[in-house]
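J.: Any chance you can model this:
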Amino acid sequence: MREIVLDTETTGFDPATGDRIVEIGAVELMNHLPTGQTYHVYINPERAMPQEAFAVHGLGDDFLRDKPKFAEVAAGFVEFIGEDAKLVIHNAQFDMKFLNWELKSAGYPVMPYARAVDTLEIARSQFPGAQNTLDALCRRFRIDNSNRTLHGALLDSELLAEVYLALRGGRQPGLVLEAARGDGTGAG
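T.: Numbers count the residues shown, from 1 in each chain. Now for the predicted structure:
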């Protein structure tokens with residue numbers, strides 16, 4: 001069973017008002033085990049970065065200016081996630097809304113929400129009333145997130161993969177997903 005643990009960073013909260021994706025990070029799991037295959041790309045949002053969003057992820061106009069537009073990376077993204085892999089996402093409604101907006105704008109079919117596995121919903125059902133942010137879940141499951149000073153799509157996907165496995169009761173002691181280091185222009 002193939003699953004893709006996925007995260008995005010954006011310019012804001014709503015693509016209908018002009019907000020866009022600026023980063024996508026994804027980690028492949030096969031039968032609930034990391035394969036080492038990742039996807040990571042920074043995207044030029046074709047608009048100015050609001051200060052509030054910059055404070056969350058630190059991705060600014062100067063850094064993003066020469067990055068590809070979503071339409072230029074859409075084919076590689078669609079190829080990486082495949083047609084039927086479940087998409088494991090924390091607060092899936094947010095990311096799916098942005099991904100489908102971008103896919104539709106680039107001329108690709110949208111993905112059904114049923115394809116998403118929402119780890120926020122899982123965490124809320126397992127820990128009702130508790131804080132269930134990614135950081136809180138990392139603390140709860142003793143997952144080292146000390147490298148997470150800002151949100152970053154690939155690092156957050158790697159942390160979420162560990163959280164997801166812990167939520168499923170299958171986290172293996174010592175399992176650590178390493179961040180792919182590269183130029184950020186495609187599959188890692």
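J.: any idea which helix or strand carries the nearest residue to Lys86 once chain neighbours are set aside?
T.: Of all residues not flanking Lys86 in the chain, Glu3 sits nearest, at 4.7 Å (CB to CB, 6 or more residues apart in numbering). C-beta coordinates here come from the backbone N, C-alpha and C atoms, glycine included. Assigned by DSSP states H and E, Glu3 falls within strand 2-10.
J.: Which is the succeeding secondary structure element to that strand?
T.: Scanning the chain past strand 2-10 towards its C-terminal end, the next helix or strand to appear is strand 21-30 (assignment: DSSP H and E).
J.: That next one relative to strand 2-10, how many degrees between them?
T.: Orientation check (axes from the mean of the first three to the mean of the last three CA atoms, to 10 degrees): strand 21-30 against strand 2-10 gives 160 degrees.
J.: So in that sheet, which strands flank strand 21-30, and in what orientation?
T.: For strand 21-30, sheet partners with direction are given as strand 2-10 (antiparallel), strand 33-42 (antiparallel), following DSSP bridges.
J.: Just say which of the ones you listed is most tucked in.
T.: With neighbours defined as mean count of other CB atoms under 10 Å, those peak in mean count at strand 2-10, which reaches a mean of 23.
J.: Quick check: mean pLDDT of it?
T.: Per-residue pLDDT values over strand 2-10 give a mean of 98.
J.: got the CA positions of it in CSV?
T.: Coordinates of the C-alpha atoms in strand 2-10 are reproduced here as CSV (Å, rounded to 0.1, in the frame of the first residue of the first chain):
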residue,chain,number,x,y,z
ARG,A,2,1.5,3.3,-1.2
GLU,A,3,0.9,6.5,0.8
ILE,A,4,2.3,10.0,0.3
VAL,A,5,2.8,12.2,3.4
LEU,A,6,2.4,15.7,2.1
ASP,A,7,2.6,19.3,3.2
THR,A,8,2.4,22.7,1.6
GLU,A,9,3.4,26.2,2.5
THR,A,10,1.3,29.1,1.1
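J.: Work out for me the element Arg47 sits within.
T.: Secondary-structure assignment from DSSP H and E places Arg47 in no helical or strand segment.
J.: just checking, it touches Thr11?
T.: Yes. In this structure Arg47 lies within contact range of Thr11 using CB atoms under 8 Å: 6.3 Å.
J.: can you list residues touching both of those two?
T.: Overlap between the neighbourhoods of Arg47 and Thr11 consists of Gly18, Arg20, taking contacts as CB atoms under 8 Å, 6 or more residues apart in numbering.
J.: More neighbours: which of these two?
T.: Neighbours were tallied for Arg47 and for Thr11 using other CB atoms under 10 Å; the higher tally belongs to Thr11 (25 against 14).
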